[in-house]
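Participant: Please work out how this folds:
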Amino acid sequence: MKPHADHALTSLRIDKWLWAARFFKTRSLASEEIGKNRVQVNGQDAKASREVKVGDTVRLRQGAVDRTVLVQGISANRGPAPVAQLLYAETPESIQARTQAAEQNRLSREPALSIEQGRPTKRDRRQIERNWNDRWSAGVD
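Facilitator: Numbers count the residues shown, from 1 in each chain. Take a look at the predicted model:
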């Protein structure tokens, strides 16, 4: 039996909640991440059918970012971002870790600059050819 529209939800499947709170674009993406054990509820690996309720702690990974949030509301509908943000509160530790990771990424070297060897540039190639022609000749030494 389905609950009436005016009946307030007390719990909801974690995949639906993650989708409604706009952590993932689709419910299937949320389920996929849950299947890869990238989502924990109250410290335990979650299954897509796991129910969450107000007060639960959800830890999830979005790309390289780990987030820990407290469930503050339940909604089966995906609304605009400002409404979705009311469904959770991110923990101060999570916010701090996220800002530190962003700062670290900002300060880290460009990956392309760390490549010492690789395909030579046009200038490098001309230098190599110039040196090659100086070193070798068709004449017998």
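
Participant: And the longest helix seen in the chain, what's buried?
Facilitator: Ranked by residue count and defined by DSSP state H, the top helix of the chain is helix 92-107. Using 16 or more other Cβ atoms under 10 Å as the test for burial, helix 92-107 gives 94, 98. Quick note: C-beta positions are derived from backbone N, CA and C, even for glycine.

Participant: Against which helices or strands is that helix packed?
Facilitator: Helices and strands touching helix 92-107, as assessed by 3 or more Cβ pairs under 8 Å, 6 or more residues apart in numbering; DSSP states H and E, comprise strand 65-71.

Participant: Now do whatever helix or strand comes next after the strand it packs on: everything it contacts.
Facilitator: The first helix or strand that comes after strand 65-71 along the chain, using DSSP states H and E, is helix 81-84. Contacts made with helix 81-84 from outside it, assessed by Cβ atoms under 8 Å, 6 or more residues apart in numbering, are listed as 20, 21, 22, 75, 78.

Participant: Neighbour-wise, which one of these leads?
Facilitator: Using other Cβ atoms under 10 Å as the neighbour test, those are led by residue 21, with 26 neighbours.

Participant: Tell me the spacing between that residue and residue 100.
Facilitator: Taken as Cβ to Cβ, to the nearest Å, the spacing of residue 21 relative to residue 100 amounts to 23 Å.

Participant: ok, so what distance separates the closest residue to residue 67 other than its chain neighbours from residue 76?
Facilitator: Counting by Cβ to Cβ, 6 or more residues apart in numbering, residue 67 lies nearest to residue 94, which is 5.2 Å off, once chain neighbours are set aside. Noted for residue 94: a distance of 25 Å to residue 76, by Cβ to Cβ.
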